[in-house]
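In: Here you go, sequence then predicted model.
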Amino acid sequence: MAITLTEPAAKHVQKFIANRGKGVGLRLGVKTTGCSGMAYTLEFADVVNPEDMSFESHGVKVLVDPKSLVYIDGTELDFTREGLNEGFKFKNPNVKDECGCGESFTV
Amino acid sequence: MALLQISEPGMSTAPHQHRLAVGIDLGTTNSLVATVKSGMSVVLSDENGHDLLPSVVRYYADQAPQVGHAAGQTPHDAQNTIVSVKRFMGRGLQDIADAGYLPYRFVDAPGMVQIKTIAGVKSPVEVSAEILKSLKLRAENSLGGELAGAVITVPAYFDDAQRQATKDAAKLAGLNVLRLLNEPTAAAVAYGLDNAAEGMFAIYDLGGGTFDVSILHLTKGVFEVLSTNGDSALGGDDFDRRVFCWMLEQGKLPPLSPEDNSLLLTKAREAKEWLSEHAEARITCVTSSGDVIDIILTSARFKELTQPLVVKTLAPLKKALRDAKLTPDEIQGIVMVGGATRMPHIKQAVAEFFGRVPLTNFDPDKVVALGAAIQANVLAGNRSDNDLLLLDVVPLSLGLEMMGGLAEKIIPRNSTLPVARAQEFTTYKDGQTAMSIHVVQGERELVADCRSLARFELRGIPPMAAGAARIRVTFQVDADGLLSVSAREQTTGVEANIVVKPSYGLAEGQIADMLQAAFTYAADDKDLRVQLELEVEARQLIEAVNNALQQDGEMLLSEAERADIKNKIADLQSAMGDVGKLKVATAALNQATEEFATRRMDQSVQKALTGHNLSEIQI
């Protein structure tokens, strides 16, 4: 399995990193918080940690720590627009249940 | 599901706790809202894709007010359609020079002018709040959540009243103000000048109706506004008017109706905008009287027509540099702000003046909002490293009134914010138990020439001889540029303080005028100061001598001596207003009373000793 980005997501990530002026890639993860157990984290990555799992998708390096990977393996990250809002969306096949807003989930 | 943005490393927020923060450029003509998404500052547009929200609010009798594009649509209802409300923020009726020419029904209210509309009397704060509400709604729809806070930009020359009014408007709109930020500083932040190592930067802001220039100094990520200057009656609209006048001349047109005037002005503006990208513009229109205009305006001719206006912007630029004690070649970067700076001959003039090409990568209409958003993002706690700390300055000195109507400056102009300064004062008369503190703003020596900001009284000073009380007055200006003043009598700890929400602020042009006047009248002011100081001294002397005469005059002085002293007092009184005579008469009275003072001293010593024997006195 792996973590992938859709093409629009990859393009936006590249643009944001270029604008930021630094960063080796994108870091995805989970943390145990939120109304439904787990929450996604989505951050710029400035360093690659030794334990990191690294994926490459449409030219973007995606880093995930092994503990997080078990919860999100197979995830596709998309960039979409909803009304006036636009942003990233996790399509995670591991999710059994999520809270109403989708910001946290259980596996 | 909710959409996520990319956070800085380690700065991911818990679900439902996104710290959504926006930057708002609350402009005279247009307003904008921007935010940082995935590390990038972007202007948020409305459902129709408009970035700019015209700063127009239209009131109705039976429905909620409309804001922005909708409010500006016909049929026009000038009395109830408030435009450019920023000009009235924190202003009294007498501050609005052109009130008579505006279509509004002004109501003079204490503190700030109000406007009578079909929906009731509205203050500029309420009108601005409508604009802010509209931007807040746009941001919340766009970001999908409640805003944690906003940074709102204000002109660098905004005084306390205007800043406070802006904060009040935000509060009324339900916005949490993280910080008021000076517009030029925001523009510099947008360009990431805060990431530069170090240097001096100039911000050239030519808006629709105002011109502002600011010199910023950056050291180790700290911004400091060194100086500001400008012309509150010079802007892009003046360029339109030049073209308009040229059209009238070319077309040999008779005086036109108001509708035709506004039609021609619109055509003039379109031609101006077209010429920023093209070599010539064709202007065609038909007036209501049937006159046909069809003329070509070349960019060379346009440049010739408007070059005097461009040159006019250079004088404030020079003054700002002089205030900052810099030469043009010491400026590392120039940021262009305001739609009017798109005109090529303005860019050229600025480039020639500084000997370097100005920064124009960002849309000059948006750059202030973009910078405000970046600052909001930092203040909301979404960035961990290299947080930029922004420092602004006091535009005009703050001080208080001394005896004789002199202004004592406590916080000098261009002090960086936040700042606190204290000074000790004392009482003027014996047994004085209260002191009136009059807070003023300005550069002139006389209170009458400065701007009155507030008055308050310190009461409960224990009765003491004149000059014995120690009253510490502290002036404090916070990071938003708001002033609070406190006074404390040191021996008893009696205290009084005030947060300055001045009843009347300074008109925009007034700061420039006041500075100019301070330079022009510097010498006169100094002479007057000397004279007033002498007068205060003379009055104190007369008062002391009169008191002494009343107490001991009969007993200690002969008839002739008393007459001599009284004559000298009269001489001194008549010498008021003349520095030379004052000095002579004061010296004469001092001399004439020397003997009297010695006798009084002896007498009081005798009194103290009378009735006591030596053993009691030797301690």
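Out: Perfect, thanks for sending it. Residues are numbered from 1 along each chain as shown, chains lettered A, B, ... in the order given.
In: Could you tell me the per-residue confidence at residue 77?
Out: Let's take chain A. pLDDT, A:Leu77: 92.
In: that's the other chain; I wanted chain B
Out: Listed pLDDT for B:Asp77 reads 81.
In: do the same with B:Ala518
Out: For B:Ala518, the predicted pLDDT is 64.
In: what's the burial count for residue 58?
Out: With no chain named, the answer covers chain A. 15 (other Cβ atoms under 10 Å in any protein chain shown). The C-beta positions use only the backbone N, C-alpha and C, and glycine is treated the same way.
In: That was the other one, I meant chain B.
Out: B:Arg58 has 23 nearby residues by other Cβ under 10 Å.
In: Could you do the one 10 residues further on as well?
Out: Around B:Gly68 sit 23 other residues, with neighbours defined as other Cβ under 10 Å.
In: And for B:Pro65?
Out: By other Cβ under 10 Å, 22 other residues sit near B:Pro65.
In: residues touching B:Lys366, list them.
Out: B:Asp25, B:Leu32, B:Ala34, B:Val43, B:Asp51 (Cβ atoms under 8 Å, 6 or more residues apart in numbering or on different chains).
In: In strands, which of those residues appear?
Out: B:Asp25, B:Leu32, B:Ala34, B:Val43 (DSSP state E).
In: Go through the residues you listed and give me the one with the most neighbours.
Out: B:Asp25 (32 neighbours).
In: A:Pro66 reaches A:Pro50, doesn't it?
Out: No. Contact criterion Cβ atoms under 8 Å: A:Pro66 and A:Pro50 do not qualify, at 10.8 Å.
In: Show me which of the two is the more surrounded one.
Out: A:Pro66 (9 against 4).
In: OK, contacts around the more buried one?
Out: A:Glu51, A:Asp52, A:Met53.
In: so what's the last one up against?
Out: Shown in contact with A:Met53 (Cβ under 8 Å, 6+ apart): A:Leu63, A:Val64, A:Asp65, A:Pro66, A:Leu69.
In: how close does it get to chain B?
Out: Distance of A:Met53 to chain B, computed by Cβ to the nearest Cβ, to the nearest Å: 17 Å.
In: confidence score at the closest residue to that residue other than its chain neighbours?
Out: Nearest residue to A:Met53 in three dimensions, chain neighbours excluded: A:Val64, at 5.0 Å (Cβ to Cβ, 6 or more residues apart in numbering or on different chains). Confidence at A:Val64, expressed as pLDDT, is 91.
In: Check B:Pro328 too.
Out: 93.
In: Tell me, what's the model's pLDDT at residue 35?
Out: In the absence of a named chain, chain A is used. 54.
In: That was the other one, I meant chain B.
Out: 94.
In: how far away is B:Met11 from chain A?
Out: Taking Cβ to the nearest Cβ, one finds B:Met11 at 7 Å from chain A.
In: Could you measure from that residue over to B:Gly145?
Out: 17 Å (Cβ to Cβ, to the nearest Å).
In: cool, and B:Arg539?
Out: Distance from B:Arg539 to B:Gly145, by Cβ to Cβ: 66 Å.
In: ok, now B:Leu180?
Out: B:Leu180 sits 23 Å away from B:Gly145, going by Cβ to Cβ.
In: ok, those two, which is more surrounded?
Out: Higher neighbour count among B:Leu180 and B:Gly145: B:Leu180, with 24 against 17, using other Cβ under 10 Å.
In: Now tell me what touches the helix or strand containing the more buried one from outside.
Out: Taking DSSP states H and E as the definition, one finds B:Leu180 inside strand B:177-182. The contact list for strand B:177-182 (Cβ under 8 Å, 6+ apart) reads B:21, B:23, B:149-156, B:163, B:166-167, B:170-171, B:214, B:225, B:371-372, B:375-376, B:379-380, B:390, B:392, B:479-481.
In: Of these, select the buried ones using a PyMOL command.
Out: Restricted to buried positions by 16 or more other Cβ atoms under 10 Å in any protein chain shown, the PyMOL selection for the contacts of strand B:177-182 reads:
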select buried, chain B and resi 21+23+149+150+151+152+153+154+155+156+163+166+167+170+214+225+371+372+375+376+379+380+390+392+480+481
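In: Could you tell me which of the contacts of strand B:177-182 belong to helices?
Out: B:Arg163, B:Thr166, B:Lys167, B:Ala170, B:Lys171, B:Gly371, B:Ala372, B:Gln375, B:Ala376, B:Leu379 (DSSP state H).
In: Could you tell me how far the first one is located from B:Leu26?
Out: B:Arg163 is 12 Å from B:Leu26, where distance means Cβ to Cβ.
In: What of the third one?
Out: Distance of B:Lys167 to B:Leu26, given as Cβ to Cβ: 11 Å.
In: Please identify every residue contacting each of these two.
Out: B:Ile152.
In: Please report phi then psi for the spatially most central residue of chain A.
Out: In chain A, the residue lying closest to the centroid (Cα atoms, centre = their mean) is A:Leu28, at 3.8 Å. Taking degrees, to the nearest 10, you get phi -110, psi 150 for the backbone angles of A:Leu28.
In: That one touches A:Lys61, doesn't it?
Out: No. With contact defined as Cβ under 8 Å, A:Leu28 does not reach A:Lys61; the gap is 11.3 Å.
In: so B:Leu172 sits right up against B:Val127, yeah?
Out: No. Distance between B:Leu172 and B:Val127: 10.2 Å, which falls outside the contact criterion (Cβ under 8 Å).
In: and the two? which has more neighbours close in?
Out: Of the pair B:Leu172 and B:Val127, B:Val127 is the one with more neighbours under other Cβ under 10 Å, namely 25 against 16.
In: Identify all contacting residues around the helix or strand where B:Ala349 lies.
Out: Under the criterion of DSSP H and E, B:Ala349 resides in helix B:344-354. Applying Cβ under 8 Å, 6+ apart, the external contacts of helix B:344-354 come out as B:202, B:204, B:206, B:276, B:299, B:303, B:306-307, B:310-311, B:313-314, B:317, B:328-329, B:331, B:334, B:336, B:340-341, B:357-358, B:360.
In: Now, of these, which are buried?
Out: In the contacts of helix B:344-354, the ones that pass as buried (16+ other Cβ under 10 Å) are B:202, B:204, B:206, B:276, B:299, B:303, B:306, B:310, B:313, B:317, B:331, B:334, B:336, B:340-341, B:358.
In: low pLDDT regions in chain A?
Out: The model of chain A has pLDDT under 70 over residues A:32-37, A:98-104, A:106-107.
In: could you show me where the strands are in it, in order?
Out: Under DSSP E, chain A gives strands at A:4-5, A:25-31, A:38-45, A:53-57, A:60-64, A:76-82, A:85-91, A:97-98, A:104-106.
In: With the stretch 451-600 of chain B instead?
Out: B:451-459, B:471-477, B:483-489, B:495-499 (DSSP state E, counting those that start in this stretch).
In: Centre of the chain to the helix or strand where B:Thr306 lies, how far?
Out: Using DSSP H and E, B:Thr306 falls within helix B:299-312. In terms of Cα atoms, centre = their mean, to the nearest Å, the centre of helix B:299-312 is found 30 Å from the chain centre.
In: try stretch B:256-275
Out: Distance, centroid of stretch B:256-275 to centroid of chain: 33 Å (Cα atoms, centre = their mean).
In: Okay, buried residues for it please.
Out: For stretch B:256-275, by 16+ other Cβ under 10 Å, it's B:256, B:260, B:263-265, B:267-269, B:271-275.
In: Show me which residues of the helix or strand containing B:Phe239 are buried.
Out: Assigning secondary structure by DSSP H and E places B:Phe239 in helix B:236-251. With burial defined by 16+ other Cβ under 10 Å, the residues of helix B:236-251 counted as buried are B:Gly236, B:Asp237, B:Asp238, B:Phe239, B:Asp240, B:Arg242, B:Val243, B:Phe244, B:Trp246, B:Met247, B:Leu248, B:Gly251.
In: hang on, isn't the second one packed against B:Gly209?
Out: This means B:Asp237. Yes. B:Asp237 lies in contact with B:Gly209 (Cβ under 8 Å); the separation is 5.5 Å.
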